[in-house]
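Asks: here's a sequence, model it:
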Amino acid sequence: MDYLKPALLILVPILNTLGFWLKGKKVETYKGNTYPNARIETGNIPIVLIIISCIISIIYGFIVSPYTGWRMILDAVVMTGMLNGLMVAFISMGLYDSARAAKGS
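Replies: Predicted coordinates:
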């Protein structure tokens, strides 16, 4: 847990739920499995989750950063925002893929 701020772990179920909502319900078609009622194109869902996770992590970084000046910006944007935000988004997407594989769909 030294690499990820524990308060940001609340984003994992939130991003996972958002990913399910954006994906929509799978409908079988004659061409195979498709998602015709997806909110956005399914290839763009990981990008949306990464952007949302990084933005929320940057805001959190500015709130809890112990530094001032340029160090606060570096800590909030790079260390907390980008690194922790990416890790949280990748964990969320990994949980989604694992749940999908276990379900067999």
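Asks: can you tell me the helix or strand for the residue nearest the centre of the chain?
Replies: Residue closest to the average C-alpha location in the chain (C-alpha atoms, centre = their mean): residue 89, at 2.9 Å. According to DSSP states H and E, residue 89 maps onto helix 85-103.
Asks: show me where this structure has helices.
Replies: Ranges of helices in the chain, per DSSP state H, are 11-23, 45-64, 70-73, 85-103.
Asks: closest one to residue 37 among the ones you listed?
Replies: Comparison of the helices of the chain against residue 37 by C-beta to C-beta identifies helix 11-23 as nearest, at 9.4 Å. C-betas here are computed from N, CA, C, even on glycine.
Asks: can you give me the buried ones in that closest one?
Replies: Neighbour-count burial for helix 11-23 flags 11, 12, 15, 16, 18, 19, 22, 23 (criterion: 16 or more other C-beta atoms under 10 Å).
Asks: ok, stretch 71-84 next?
Replies: In stretch 71-84, counting by 16+ other C-beta under 10 Å, buried: 73, 75, 76, 77, 80, 81, 82, 83, 84.
Asks: show the pLDDT at the second one.
Replies: Per-residue pLDDT puts residue 75 at 92.
Asks: can you give me phi and psi for the closest residue to it other than its chain neighbours?
Replies: Leaving aside its sequence neighbours, residue 75 sits nearest to residue 65 (C-beta to C-beta, 6 or more residues apart in numbering; 4.7 Å). Dihedral pair for residue 65: phi -70, psi 130, per degrees, to the nearest 10.
Asks: where does pLDDT dip in this protein?
Replies: Low-confidence segments of the chain, defined by pLDDT under 70: 1-2, 26-36, 95-105.
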